[in-house]
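# please find the sequence and the predicted model below.
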Amino acid sequence: MDSIRNPFAPGAGTPPPDLAGRDELREALRVAIERARIGRPAKSAMLVGLRGVGKTVLLDRVRADAEAAGIHTIRIEAPEGRSLPALLAPQLRQALLRLSHLQAAKDIAIRGLRALAGFASMLKATYNDIEVGLDYDSEPGLADNGDLEHDLQALFEQVGLAAKAADTALVLFIDELQYVDEDQMAALITAMHRTEQRQLPIVLVGAGLPQLRGRMGNAKSYAERLFNFPEIGPLPAAAARRAIVKPLADEGTAIDDDAMDQLINVTEGYAYFLQQWGYYTWETASASPLTLKDVNQATAIVVAALDESFFRVRFDRLTPKEKRYLRAMAELGAGPHRSGDIATGYPAKVTSLAPTRSSLIAKGMIWSPNHGDTAFTVPMFDQFMKRIMPGEDWRKS
């Protein structure tokens, strides 16, 4: 098979050749954004799911859909160790500058830039990673109290007023939102609540791991009423089949039914894994149609590739105690598992492992579906842990 023509895209956030199984959600988000543009009530959305389900890809596709419809957007990723104000300020500046070039919104957008100047100047002492160009002097009393929750509301109001004057909407796309500190999360939720109360055309589309729902609820109790939380999971069999069959067909290539069934089985329908197995099955095959033998030969290559990249990059961030905790989890299977069962396998008291569990949650490695339960955020990580820490020696470390 011609490697140049390989249609699959195995990368972090890399758009697949066919975004199968997400049309209904894309349409729901399109409707919400358009309702916001015309001043109708519209819920923002938080896309939640495990690693590898395609949240980032979906986030970027929805953004492309919005921009194609003339909606203004900003896109940020919330990595560990960066403050939300530092991430938002430069992007909001760009949005306000774009709006200021529209005659209908010019004056309001300039006032928004003055609000941004006050916001950045007063909060820089608290969030010293804020770096943003200031195009206008601040306006005394506008978003300059030095209190994030109050000032972010004022800033969002000015941005929303500018977008409304321009007869458009602004959509904030924020990936990895679970890494935002709780006080900053609370300020973001409060600001979005205020724009909804004033029916201003600002929509927030976030993405994060499953614990995001709980973290937002802890930050502000009304978050679950303010946002929709669509769960992004593995693709149903029909959508998983389409994600493989259509790109192959576009290249004049077919796949045997038993080979396709095996691909669905080994990938468990996870979008990222479908792209990995599709890519290496193409590379392994010598001719169309792709066969079960091709899939099986590709599997060893895929597992090695995942171990060295997708899984290993997460494993290397862990402390020895955290690795041992995850290995104890893996011994029990994919999960979720009760904390007491993990402690028994470790072995240690549940209370002594609580800090380790908390640090793994903070790192985005595990989450708690229910009180006392623990589950991996990375699909198939239990299998990887058994491969990288085989045997029983891990119990003695």
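Arrived safely.
# so where do the helices sit in the stretch 101-250 of the chain?
Ranges of helices within the stretch 101-250 of the chain are 106-123, 148-165, 182-197, 211-219, 223-226, 237-250, based on DSSP state H, counting those that start in this stretch.
# for Val53, find the nearest of those helices.
Taking C-beta to C-beta, helix 237-250 is the member of the helices of the stretch 101-250 of the chain nearest to Val53, at 11.8 Å. Any C-beta I mention is one placed from the backbone N, CA and C, and that applies to glycine too.
# now that closest one: how far from the chain's centre is it?
24 Å (C-alpha atoms, centre = their mean, to the nearest Å).
# following element in sequence after that helix, please.
Per DSSP states H and E, the first helix or strand lying C-terminal to helix 237-250 is helix 257-267.
# tell me the contacts of Gly217?
Counting by C-beta atoms under 8 Å, 6 or more residues apart in numbering, Gly217 touches Ala223, Glu224.
# right, I mislabeled it, should have said Thr73
Counted by C-beta under 8 Å, 6+ apart, Thr73 has contacts Arg63, Ala66, Glu67, Leu170, Val171, Leu172, Phe173.
# pop the domain breakdown of this protein in here.
When the chain is parsed with automatic domain parsing, its domains come out as 23-228, 235-314, 317-396.
# picking that back up, and of the helices of the stretch 101-250 of the chain, who's closest to Phe315?
Closest to Phe315 of the helices of the stretch 101-250 of the chain is helix 211-219 (C-beta to C-beta; 19.7 Å).
# state the mean pLDDT of that closest one.
Averaging pLDDT along helix 211-219 gives 92.
# in space, what's closest to Ile244 - neighbours in sequence excluded?
In this structure, Ile244 finds its nearest non-sequential neighbour in Gly278, 5.3 Å apart by C-beta to C-beta, 6 or more residues apart in numbering.
# ignore what I typed, I meant Ser286.
Using C-beta to C-beta, 6+ apart, the closest residue to Ser286 is Met1 (6.8 Å).
# wait, the one you found sits on Ala287?
Yes - here Met1 reaches Ala287: they are 7.3 Å apart, a contact under C-beta atoms under 8 Å.
# looking at the two now, which is surrounded by more residues?
Met1 (17 against 9; other C-beta atoms under 10 Å).
# can you tell which of the helices of the stretch 101-250 of the chain is closest to Leu50?
Of all these, helix 211-219 comes closest under C-beta to C-beta, at 10.9 Å.
# can you pull the buried residues of that closest one?
Gln211, Leu212, Arg213, Gly214, Arg215, Met216, Ala219 (16 or more other C-beta atoms under 10 Å).
# doesn't Met46 make contact with the third one?
Yes - assessed by C-beta under 8 Å, Arg213 is found in contact with Met46 at 6.9 Å.
# give the residues shared as contacts by those two.
With C-beta under 8 Å, 6+ apart as the test, Arg213 and Met46 both reach Phe229.
# what helix or strand does the residue nearest to Ile244 sit in?
Judged by DSSP H and E, Gly278 forms part of helix 271-284.
# circling back: ok, now how distant is the residue nearest to Ser286 from Trp277?
The spacing between Met1 and Trp277, counted by C-beta to C-beta, to the nearest Å, is 14 Å.
# quick revisit: include neighbour count when you put the contacts of Thr73 into JSON lines, please.
Converted to JSON lines, those look like this (neighbours: other C-beta atoms under 10 Å):
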{"residue": "Arg63", "neighbour count": "19"}
{"residue": "Ala66", "neighbour count": "23"}
{"residue": "Glu67", "neighbour count": "12"}
{"residue": "Leu170", "neighbour count": "30"}
{"residue": "Val171", "neighbour count": "27"}
{"residue": "Leu172", "neighbour count": "24"}
{"residue": "Phe173", "neighbour count": "22"}
